[in-house]
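Engineer: Here you go, sequence then predicted model.
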Number of protein chains: 2
Amino acid sequence: MNKKTTLSDVAQSLGVSITLVSMVVNNKGNKYGISPETQQKVWDKIHELNYKPNLLAKGFRTGKTSAIGLIVSDISNRFYAKIARHIEDLAWQNGYTVIICSTDESVDKELRQMGILLERKVEGIIVSSSQTSTKIFEDLVAMEYPFVLIDRNFGNMKFSSVSINNEQGVEMAIEHLYQQGYRKIGMFSISPGYISTIKNRKIGFYNSMQKLSLPIVDDWCIEIPFNQVEQDIPQHLSLLKSNKNLPEAIIAMNNNLASATLLSLKNLGIRIPRDMALISFDDDQSFNFSSPTITAIEQPIEQISHHAFDILMKQINNKTKGIYQAEILPVKLKIRESTSKGC
Amino acid sequence: MNKKTTLSDVAQSLGVSITLVSMVVNNKGNKYGISPETQQKVWDKIHELNYKPNLLAKGFRTGKTSAIGLIVSDISNRFYAKIARHIEDLAWQNGYTVIICSTDESVDKELRQMGILLERKVEGIIVSSSQTSTKIFEDLVAMEYPFVLIDRNFGNMKFSSVSINNEQGVEMAIEHLYQQGYRKIGMFSISPGYISTIKNRKIGFYNSMQKLSLPIVDDWCIEIPFNQVEQDIPQHLSLLKSNKNLPEAIIAMNNNLASATLLSLKNLGIRIPRDMALISFDDDQSFNFSSPTITAIEQPIEQISHHAFDILMKQINNKTKGIYQAEILPVKLKIRESTSKGC
DNA sequence: AATTACAATTAAATCGTTTTAGACCAAATT
DNA sequence: AATTTGGTCTAAAACGATTTAATTGTAATT
């Protein structure tokens, strides 16, 4: 690869100092009293030689990399892909670059990704964490390293975070099912079960089932390894079906579960909502054109992204040294065909 | 933020030179004949002080950043999200970090993103380009800068690229429709129309329509600005419907078009495949559980990602100086319910 | 005893940028 | 005439790592 032109090249070919060129490039010419004519000369030469700053050198010298990290479990998941896109847009508008990392729900991989982000000196991290321990985040706090938890948090609110009200979402859903006349309600969730969103959704489920005095049936409440959803759901459902032990309704605790359940019900000839109702936690475009359309708990993806980014920027700009901001956003229930007993 | 420990800290507290520590850290201890005991001492101290290399300094000094760029039009699009995930996995396995950029089909934004990637000294770029001109890529070639075009290319095969056989895909689709008895076939595509994939899909469409002596009706062949798909499709379809001028089948030239068309047909009460058949270019999970299920041209996403990454790595490792590798992968037609006239 | 060889280690240059402290010169002030 | 001021500009250090060439001390060779 050809070597790039550097500040020094520009300075030399102009017979001025590197310092001067650097000042001009950074629009500090006026601040440092560089004459307008000189500034113009510098700019002309910069364009002539097609000078481009070496961001590595710059970041190395200044400590400002204009980069942030985003850690999620899987960037190809529709929910995180949307989050990523919003964060990327905000970052772009603010002159930042985003480094996205998928962790596959692995505690260890996440830690290593985090380590690399730190070594790369990103200025802050937005993370939907799969950690079981809060150690790494306590370390980050001790280092005064900017970070914001999104989606998943650690309950105690000791860290900056933007999450949604998972319990409320599930409670709305169960109450809706109840009003529609459903009583035998099952729940599909994933393991690892320590993931806060899943944990809270399950709490919401048990709470509202209890409140409504509905029976909690173990056979209907299953927990599937996150990476086996597509294989295990059909298996479970067909077992329930052959045992004539199907619930009247299922709430699926994330979009993958819901999609897999929908597909599987369809393949088994179990009709929605006639034979069974279905609700998804987390909405998706495709739930609008599936047949039937699927009732879903919609998360405010754009808001989550926006708030998280804002909080991170505040931390980076040191406006909130030592202050933690924990936000919980409300969700909406999008009622569609999959839960109307009447059909 | 607390200052990090550096090589110099480790060296000092051990009473050895920075050089020595650096050699050990990089596992070159043996190569440079550092005694085993010294190496052990260094490692112990490194762990004790929790030394982490500054990748910025390292990259700056060596020119190796272990980072690559990925440029796509929209990372939240399901197709690109999957590509991104595969590339990220491969990068992770090879010790690379990926910087993902969305361009919104903007020539200018893409150029600026590319500029930033270069300034950040990524070692190579994988790009699904929205450029109208090949200038930037000719510049990259001149600089011997590693890059691979994916998905979209520039026909001339002057650059390394991994694409799919778009014409073939469409031809398979049209022939399938023909065999099923459909004759009045429309096509929904997007603008900007210079995007190579779209362009080639349209060519495929016109070719096979001509080959089969089918009429090409302007009202059925529409081109929608990529960011207005969701608004414009319902409008067009309802117009066609009220004019009683609906085609018997539509091929949608990407997954967004297909989803929007499906949703809109449903809302208008146009039944698939009874009233109209639908084929999507680019498959999606949701086409399995929509009703009806949707026939789609499936792209080999994993293969595309794999080949692109391999080619990039070859370039980076300089095994192919000046050699360009252009690949065109075949697609598959997934026949589902949306195109069976019998139903 | 002088030279060579080798193993283990280090000094110093370097990458491209920013920034601090000061240099230089002409004009203004005393 | 000597000093101060202000406007432009520069020298040099620093950031944290890698790498080349050199150094040291000891053992082996002549």
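Structural biologist: In hand now; what should we look at? Residues are numbered from 1 along each chain as shown, chains lettered A, B, ... in the order given.
Engineer: Now for the spatially closest residue to residue A:190 that is not a sequence neighbour, how many residues are close by?
Structural biologist: Among residues not flanking residue A:190 along the chain, residue A:226 sits closest, at 4.4 Å (CB to CB, 6 or more residues apart in numbering or on different chains). Just so you know, the C-beta spots here come from the backbone N, C-alpha and C atoms, and that holds for glycine as well. Neighbouring residues of residue A:226 were enumerated by other CB atoms under 10 Å in any protein chain shown; the total is 20.
Engineer: residues contacting residue A:226?
Structural biologist: Listed by CB atoms under 8 Å, 6 or more residues apart in numbering or on different chains, the contact set of residue A:226 reads A:73, A:105, A:190, A:191, A:192, A:256.
Engineer: will you turn those residues into a markdown table that also has secondary structure and neighbour count?
Structural biologist: As requested, these are exported to a markdown table (DSSP: H, G, I helix; E, B strand; the rest coil; neighbours: other CB atoms under 10 Å in any protein chain shown):
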| residue | secondary structure | neighbour count |
| --- | --- | --- |
| A:73 | coil | 22 |
| A:105 | coil | 17 |
| A:190 | strand | 23 |
| A:191 | strand | 14 |
| A:192 | coil | 15 |
| A:256 | helix | 24 |
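Engineer: Tell me which stretches of the stretch 101-250 of chain A form helices.
Structural biologist: According to DSSP state H, counting those that start in this stretch, the stretch 101-250 of chain A carries its helices in the segments A:107-119, A:135-142, A:166-179, A:196-211, A:229-242.
Engineer: What strand or helix carries residue A:251?
Structural biologist: Using DSSP states H and E, residue A:251 maps to strand A:249-252.
Engineer: do residue A:95 as well
Structural biologist: Following DSSP H and E, there is no helix or strand that holds residue A:95.
Engineer: Is it in contact with residue A:66, as I believe?
Structural biologist: Yes. Taking CB atoms under 8 Å as the contact criterion, residue A:95 and residue A:66 are neighbours in contact, 5.7 Å apart.
Engineer: the more surrounded of the two?
Structural biologist: Using other CB under 10 Å as the criterion, residue A:95 and residue A:66 rank with residue A:66 on top: 17 against 8.
Engineer: That one touches residue A:121, doesn't it?
Structural biologist: No. Using CB under 8 Å, residue A:66 makes no contact with residue A:121, being 10.3 Å away.
Engineer: who touches both of these two?
Structural biologist: For the pair residue A:66 and residue A:121, residues contacting each of them under the criterion CB under 8 Å, 6+ apart are residue A:59.
Engineer: can you put the helices of the stretch 101-250 of chain A in a markdown table and add mean pLDDT and mean neighbour count?
Structural biologist: Below are the helices of the stretch 101-250 of chain A laid out as a markdown table (pLDDT from 0 to 100; neighbours: other CB atoms under 10 Å in any protein chain shown):
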| stretch | mean pLDDT | mean neighbour count |
| --- | --- | --- |
| helix A:107-119 | 98 | 18 |
| helix A:135-142 | 94 | 15 |
| helix A:166-179 | 97 | 21 |
| helix A:196-211 | 96 | 19 |
| helix A:229-242 | 96 | 16 |
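Engineer: closest to DNA strand C out of those?
Structural biologist: When the helices of the stretch 101-250 of chain A are compared for distance to DNA strand C using CB to the nearest atom of the strand, the nearest one is helix A:107-119, at 16.6 Å.
Engineer: And the residue of the stretch 151-300 of chain A that's closest to DNA strand D?
Structural biologist: For the stretch 151-300 of chain A, the nearest residue to DNA strand D under the criterion CB to the nearest atom of the strand is residue A:160, separated by 25.8 Å.
Engineer: so how far is chain B from that residue?
Structural biologist: Shown here: residue A:160 relative to chain B, a distance of 15 Å by CB to the nearest CB, to the nearest Å.
Engineer: number of nearby residues for that residue?
Structural biologist: The number of residues packed around residue A:160, counting by other CB under 10 Å, is 26.
Engineer: Residue B:215 is nearest to which of the helices of the stretch 101-250 of chain A?
Structural biologist: Between residue B:215 and the helices of the stretch 101-250 of chain A, the tightest spacing by CB to CB is seen for helix A:229-242, at 42.4 Å.
Engineer: all strands of the stretch 1-150 of chain A, in order?
Structural biologist: A:67-72, A:97-102, A:124-127, A:147-150 (DSSP state E, counting those that start in this stretch).
Engineer: if you skip the residues just before and after it, what's nearest to the residue of the stretch 201-343 of chain A found nearest chain B?
Structural biologist: Proximity to chain B, evaluated over the stretch 201-343 of chain A using CB to the nearest CB, is greatest for residue A:291 at 2.6 Å. Sequence neighbours aside, residue B:291 is the residue nearest to residue A:291 in space, at 2.6 Å (criterion: CB to CB, 6+ apart).
Engineer: swap in residue A:233?
Structural biologist: Leaving aside its sequence neighbours, residue A:233 sits nearest to residue A:260 (CB to CB, 6+ apart; 4.4 Å).
Engineer: What is the three-state secondary structure of the one you found?
Structural biologist: Secondary structure, DSSP: H, G, I helix; E, B strand; the rest coil: residue A:260 is helix.
Engineer: Please apply the same query to the one 5 residues further on.
Structural biologist: With three-state DSSP as the basis, residue A:265 sits in helix.
Engineer: same question, the one 10 residues further on
Structural biologist: Here residue A:275 takes the coil state, with states given by three-state DSSP.
Engineer: what about the closest residue to it other than its chain neighbours, how many neighbours?
Structural biologist: Residue nearest to residue A:275 in three dimensions, not counting chain neighbours: residue A:246, with 7.1 Å by CB to CB, 6+ apart. The number of residues packed near residue A:246 is 20, by other CB under 10 Å.
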